[in-house]
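1. Here's a sequence, model it:
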Amino acid sequence: MLPTLPHSTAWVVLAVAIVLEVGGTTSMRLSEGLSRPGPSAAMFLFYAGAFVLNAMIIRTLGLSVVYAVWSGVGTVLTALVGYWYFKEPASALKVLSGALIVLGVIGMHLGSKPA
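-> A predicted model of the protein is given here:
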């Protein structure tokens, strides 16, 4: 059984889980359809680490907040990796959509606090 974390520690662990998820998604891109063993193995390791950490923090921060922050921030960071590292185009619509994701994550977090 995984330990229950203090609230402040859970946020740090969530940040690490997000970094692992971005690493996993970047490795997926680098694996070229799972044809390259190194990035393919890294992808599975990064994702496994991210899921284990998420399982630890969901009890402390709650499912809706953890998933919203993890997926939303992970999506935006992964998009930034795509723009900067893989030279993918960053249209105005993509940037606006990323901003809306961040606003949605903030809304989920604020909506989870007691009134």
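2. What helices and strands are in contact with the helix or strand that contains residue 67?
-> Following DSSP states H and E, one finds residue 67 within helix 63-84. Secondary-structure packing of helix 63-84 (3 or more CB pairs under 8 Å, 6 or more residues apart in numbering; DSSP states H and E): helix 7-30, helix 37-61, helix 92-111. For glycine as for every other residue, the C-beta is placed from the backbone atoms N, C-alpha and C.
3. so can I have TSV of the ones you listed showing distance to residue 1, mean pLDDT and mean neighbour count?
-> As requested, the helices and strands packed on helix 63-84 are exported to TSV (distance: least, CB to CB, whole Å; pLDDT from 0 to 100; neighbours: other CB atoms under 10 Å):
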stretch	distance to residue 1	mean pLDDT	mean neighbour count
helix 7-30	16	96	18
helix 37-61	10	96	17
helix 92-111	27	89	13
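4. Which one of those helices lies nearest to residue 77?
-> helix 7-30 (4.8 Å; CB to CB).
5. Residues touching that closest one, excluding its own?
-> Here helix 7-30 makes contact (CB atoms under 8 Å, 6 or more residues apart in numbering) with 5, 36, 39-40, 42-47, 49-50, 53-54, 56-57, 60-61, 66, 69-70, 73-74, 77-78, 81-82, 85-86.
6. please redo it, this time with the cut-off set to 6 Å
-> Residues from elsewhere that reach helix 7-30 (CB atoms under 6 Å, 6 or more residues apart in numbering): 39, 42-43, 46-47, 49-50, 53-54, 57, 60-61, 70, 73-74, 77-78, 81.
7. same question, stretch 91-98
-> Stretch 91-98 has contacts (CB under 6 Å, 6+ apart) with 76, 79.
8. helix, strand or coil for residue 90?
-> coil (DSSP: H, G, I helix; E, B strand; the rest coil).
9. Next one: the residue nearest to it when sequence neighbours are not counted from residue 3, what distance?
-> Spatial nearest neighbour of residue 90, excluding adjacent residues (CB to CB, 6 or more residues apart in numbering): residue 83 at 4.5 Å. For residue 83, the distance to residue 3 equals 37 Å [CB to CB, to the nearest Å].
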